[in-house]
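Undergrad: Quick one: sequence plus predicted model below, questions after.
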Amino acid sequence: MAERLDEYDFGASTRDSKYPWDEWADGSIWKVKTGKDFTCKPTGFRKALQAQAAKREMQVQVRNEKDGLVFQFWTKPQDQSYPGPGLDIEEYDGNP
């Protein structure tokens, strides 16, 4: 029979993630290998990366490699024209 609850934290995870998303979203550049670090198709893992970025209100850039993917999570500054993590924000002059 169904159980009525007085309250429930819908934001809390109900299962352990198979991937260390908090670590991977630290701003470092990561390379993951197909079949070793993830078992789905690279296109599926790319979608998981994009979903994690959206969940964290971050951006992620992803590149395909021969044996896996390279990615980096980053937070876009208020200046929406900022081109990404490859250029130091203090060096950015506002021109893309």
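TA: Yep, it's here.

Undergrad: any idea where the helices of this structure begin and end?
TA: Ranges of helices in the chain, per DSSP state H, are 21-24, 42-55.

Undergrad: Most tightly packed of the ones you listed?
TA: helix 42-55 (a mean of 15; mean count of other Cβ atoms under 10 Å). Where C-beta positions appear, they are placed from N, C-alpha and C, glycine not excepted.

Undergrad: coming back round to it: closest one to residue 9 among the helices of the chain?
TA: Taking Cβ to Cβ, helix 42-55 is the member of the helices of the chain nearest to residue 9, at 15.8 Å.

Undergrad: picking up where we left off before, how about TSV for the helices of the chain, with distance to residue 35 and mean pLDDT added?
TA: Shown next, in TSV, are the helices of the chain (distance: least, Cβ to Cβ, whole Å; pLDDT from 0 to 100):
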stretch	distance to residue 35	mean pLDDT
helix 21-24	18	95
helix 42-55	10	95
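
Undergrad: pLDDT score for residue 34?
TA: For residue 34, the pLDDT comes out at 96.
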